[in-house]
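Chemist: What follows is a predicted structure for the sequence shown.
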Amino acid sequence: MMIYNTIYLRRAGKLILETEEVEEQLPTAYLATAMKNIAALGYTCSKPLLEAMRQLSKARFETIYAQLVNDLRVMVGAHVDYAPLYPGFPEQVMQADEAELYWQAIYHYATHTMWRPERADKRPAKERSNHDERPVEARAADKLSHPSESRRPKLIELGSMADFHILIRQMIEANGALSSADKKDLKAVLRLAAPEDIDALLPERIPFKENTGFVVAALLKYDKADMKRLAPYFKTASDVLRMAAAWSEGDVSLAEPCRYRSFRRRERRLLLGLLEQCGSLTEDMLRHRERWVRLGERLHPSEYKLRYPRCQEAFEHVRNHIPYAGFNHRVELAFQYGDVWRLIELLTERPGEFARRLDHLLRLREDEEYVVLAFAEIADRVATPLLLQVRQHFLHRHERPRLRIFFPKGVVSRAYAIPNRLPYIPETVCRGIAQACDQALIGRFAELPPLGRIYVDPRLRSYRVPLSQRSASKSLHTLVRGSRIPMDEGDTIRFFTWWREGVVAGKATGRVDIDLSAVMYDEHWNYVEHISYTHLRSAAYKSVHSGDIVSAPHGASEFIDLHLPSIVSYGGRYVVATLHSFTSHPYCDLPECFVGWMMRRKPGSGEIYEPSTVANKIDIAADTQIAIPVILDLVERTVIWADLALTRDPGHHNNVEGHQKGMVLMGQALTTSRGPDLYDLFLLHAAARGELVYTLSEADTIYAVDRGVTPYHTEEIMAEYLR
């Protein structure tokens, strides 16, 4: 249960409390003291959770509290150097009078303030500023729960095992790649799950094939796989290859080579049996010929040639380079000769390939209207994430951004930007493709359960659809690359990083020096100034670095304060936050490294690290030496989620001065590129499944930034809204 709650808290902000019979409720002073320590970390508990905690025994509560505080510390980065307000808790607690006052305040806050939408105070400004008419509990809550630099506390709610199972099932059902943090959580749950819970966790269909391979391999590893139940998940040879890679702790995306494990005889028979049932066996295996050669060395298919004859034949083609004129060969030949009608005929057989090749097909400049009509006929057979990408691409195809950005499959947090040299396609053709996508998506969504009256928050235009989380870093609040988050109140952002030397996989890291930097640019991405270990202070921009630390045997941190108004007043607009591994250690080889930011009223205000002020914290674990966690747009006061890494340029020292070009390219690409946004996705669902309304009070279903289904409900969006 402890591991489940760690995952549940981080992913959904909920806890499961097992009920027990107690003779008396937990003392108010005991619970109030715990809540005050939690408030120092920027969190509070909902009314149902508080009431459930009061019914716990003292011993049980102490166990729950210790784990909760430990988990919250890790989430906000306070586990490395933090002392609670009452460090001796549970032995040391508040005095009774103070505890009762605090309990009433926090209980009132959880019951009213956190559970009701904020309403504008329409009294004249003079009246508002001179007199506070709120109840005493609410005023006390402000004083007790909100130190001078604190953010509004985040709510922890009471959960249930059934709801936790739904969360895990949604992760498995996600119609997009999972991140490394997702996979780690899934492995932990599948390892601990009781046999009777496996069916509750597994959906009838796993739409994203990488996830199929990973989940089935994990179940096999923990001896919890019922292959009769799981065999229908496998349709192609690549499905089996992915599972073999995952079973060997390799790259399930197939982007990187894999060293396959030695399989036992029964395991070989299992893999060959799954392979034998797949369609288009030889052609699919030839797509990854070298990988199948390596895997074949482990499977020994010739030993089972009578039992699995199709496998034996396919491996003969793979090993001996026997010519095979398959689908891809015919498509490439048709493109070579510009045969549009042959291409339409071929690609109609494989709708997904049609969608991926659509821009290329339209660039042949022949019979464009027939291409649009042919695509419209098969669009309803294209996967939802791909349809959304095609729709977005053609909606903005005519805008001609200067750069195109790519995130290579399977390469964690790495991106490339190239000049945009795509030939022109008429805008009417682009609109026709987008309309075909809309019709297919609305028709598909109409088959899902109705939603009644639906409110869609216009602010969701700034948040991207989570089409793939493969390279997403683990963070306090995970978003999709390119999403824009409004900044909290305050005129100063304080960036922080923490890292530690140590031993990883039996090898000592030696001295590790990580450098935190911030580079400022104007609206045209011309360099303005930077703050780093080489330039600790800027008088004009009121920005300062805490100083260069060059080793971290017990952990070390660096900070940067940026005064936003002064940067804007001197013509600055964008700030790129960066981490550089000066000692050239890849972040994946460090015991721990993270970065984050806090909002402050002014430079130098408050304690240097206050957990309750942390806006976000991101674990840095990519196989690179330069990380770009976020980009700030100071004019729009938004934080642009980047979560990127750059490869090391061997021609320069590994510091901010040596990577100006790479940072500018990434910054320009992220601030100009367009991806499918949540506003459009939910509008399509509204058109298909209910009636759109324009006020929250009218709505049965809410999609918004801060209530209902939010951008942070990644698992739910990927499983329920990308079907």
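Modeler: Received, thanks. Treat the numbers as computed from the prediction; the structure is a model and nothing was measured. Residues are numbered from 1 along each chain as shown.

Chemist: what sits opposite residue 530 in the beta ladder?
Modeler: residue 519 (DSSP bridges).

Chemist: what about residue 317, which SS state?
Modeler: Under DSSP: H, G, I helix; E, B strand; the rest coil, the three-state class of residue 317 is helix.

Chemist: where are the low-confidence patches of the chain?
Modeler: 81-98, 101-103, 105-151, 407-417, 646-662 (pLDDT under 70).

Chemist: What residues of the helix or strand residue 665 falls within count as buried?
Modeler: Taking DSSP states H and E as the criterion, residue 665 maps to helix 660-672. For helix 660-672, burial by neighbour count (16 or more other Cβ atoms under 10 Å) applies to 662, 663, 664, 665, 666, 667, 668, 669, 670, 671, 672. For the C-beta atoms, the positions are set from N, CA and C on the backbone; glycine is no exception.

Chemist: Give me the contact list for it.
Modeler: Applying Cβ atoms under 8 Å, 6 or more residues apart in numbering, the external contacts of helix 660-672 come out as 401-405, 415, 417, 481-482, 519, 521, 525, 527, 574, 576, 578, 626, 628, 631, 633, 640, 642, 644, 646, 649, 656.

Chemist: In PyMOL, how would I select the buried members of those?
Modeler: In PyMOL, selecting the buried portion of the contacts of helix 660-672, with burial taken from 16+ other Cβ under 10 Å, looks like this:
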select buried, resi 403+405+415+417+481+482+519+521+525+574+576+578+626+628+631+633+640+642+644+646+656
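
Chemist: where along the stretch 151-300 of the chain do the helices fall?
Modeler: For the stretch 151-300 of the chain, applying DSSP state H, counting those that start in this stretch gives helices covering 161-173, 180-192, 195-201, 209-221, 227-230, 237-247, 265-276, 281-286, 289-299.

Chemist: Of all the ones you listed, which one is nearest residue 494?
Modeler: Between residue 494 and those, the tightest spacing by Cβ to Cβ is seen for helix 180-192, at 25.0 Å.

Chemist: Contacts for the closest one, please.
Modeler: 3-4, 7, 11, 168, 171-172, 178, 198, 201, 214-215, 218-219, 222, 224, 412, 469, 472-474, 619, 621.

Chemist: what about the helices in the stretch 501-650 of the chain?
Modeler: Counting by DSSP H, counting those that start in this stretch, the stretch 501-650 of the chain has helices at residues 564-569.

Chemist: Now the element after the helix or strand containing residue 679, going C-ward?
Modeler: Using DSSP H and E, residue 679 sits within helix 678-689. Using DSSP H and E, the helix or strand that follows helix 678-689 in sequence is strand 690-693.

Chemist: what packs against that next one?
Modeler: Applying 3 or more Cβ pairs under 8 Å, 6 or more residues apart in numbering; DSSP states H and E, we find strand 690-693 packed against strand 452-456.

Chemist: What distance do you get for the closest residue to residue 220 other than its chain neighbours to residue 196?
Modeler: With Cβ to Cβ, 6 or more residues apart in numbering as the criterion, residue 220 has its nearest non-adjacent residue at 6.2 Å, and that residue is residue 247. Look at residue 247 and residue 196: by Cβ to Cβ, to the nearest Å, they are 24 Å apart.

Chemist: How about residue 429?
Modeler: To residue 196, residue 429 is 54 Å away according to Cβ to Cβ.

Chemist: more crowded one of those two?
Modeler: Using other Cβ atoms under 10 Å, the more surrounded residue of residue 429 and residue 196 is residue 429, with 17 against 7.

Chemist: The more buried one: helix or strand, and which one exactly?
Modeler: Using DSSP H and E, residue 429 falls in helix 427-445.

Chemist: Spit out the contact partners of the nearest residue to residue 72 once chain neighbours are set aside.
Modeler: Setting aside the residues directly before and after it, residue 72 is nearest to residue 41 in space (Cβ to Cβ, 6+ apart), at 4.6 Å. By Cβ under 8 Å, 6+ apart, residue 41 lies in contact with 69, 72, 73, 76, 78, 611, 612.

Chemist: so which of the residues you listed comes closest to residue 230?
Modeler: Nearest to residue 230 among the contacts of residue 41: residue 72, at 36.9 Å, using Cβ to Cβ.

Chemist: can you count the residues close to residue 443?
Modeler: 12.

Chemist: quick one: it and residue 687, what's the gap?
Modeler: Distance of residue 443 to residue 687, given as Cβ to Cβ: 10 Å.

Chemist: picking that back up, centre of the chain to the helix holding residue 679, how far?
Modeler: Mean C-alpha position of helix 678-689 versus that of the full chain (Cα atoms, centre = their mean, to the nearest Å) differs by 21 Å.

Chemist: And for stretch 341-348?
Modeler: Offset of stretch 341-348 from its chain centre (Cα atoms, centre = their mean): 37 Å.

Chemist: Would you mind listing the buried residues in that stretch?
Modeler: 343, 344, 346, 347.

Chemist: ok, now which ones touch the last one?
Modeler: By that I understand residue 347. By Cβ under 8 Å, 6+ apart, the contact list for residue 347 reads 331, 353, 354, 357, 361.

Chemist: Wait, the first one touches residue 345, no?
Modeler: No: between residue 331 and residue 345 no contact is recorded; they are 10.4 Å apart, counting by Cβ atoms under 8 Å.

Chemist: Overlap of the contact sets of the two?
Modeler: Shared contacts of residue 331 and residue 345, defined by Cβ under 8 Å, 6+ apart, are absent.

Chemist: so how many other residues sit close to the nearest residue to residue 423 once chain neighbours are set aside?
Modeler: Spatial nearest neighbour of residue 423, excluding adjacent residues (Cβ to Cβ, 6+ apart): residue 363 at 5.3 Å. A count of nearby residues for residue 363, using other Cβ under 10 Å, gives 13.

Chemist: Residue 363 and residue 436, how far apart?
Modeler: Going from residue 363 to residue 436 by Cβ to Cβ gives 18 Å.

Chemist: before we move on, back to that, indicate which one of the helices of the stretch 151-300 of the chain is closest to residue 487.
Modeler: helix 180-192 (25.2 Å).

Chemist: quick revisit: how many neighbours does the residue nearest to residue 220 have?
Modeler: Residue 247 sits with 23 neighbouring residues when counted by other Cβ under 10 Å.

Chemist: Surely it is in contact with residue 262?
Modeler: No: contact criterion Cβ under 8 Å: residue 247 and residue 262 do not qualify, at 11.2 Å.

Chemist: What residues are bridge-paired with residue 507?
Modeler: Assessed by DSSP bridges, residue 507 has beta-bridge partners residue 504.

Chemist: Next one: it from residue 551, what distance?
Modeler: Residue 507 sits 17 Å away from residue 551, going by Cβ to Cβ.

Chemist: Also residue 71?
Modeler: Taking Cβ to Cβ, one finds residue 71 at 29 Å from residue 551.

Chemist: What of residue 642?
Modeler: Taken as Cβ to Cβ, the span from residue 642 to residue 551 is 28 Å.
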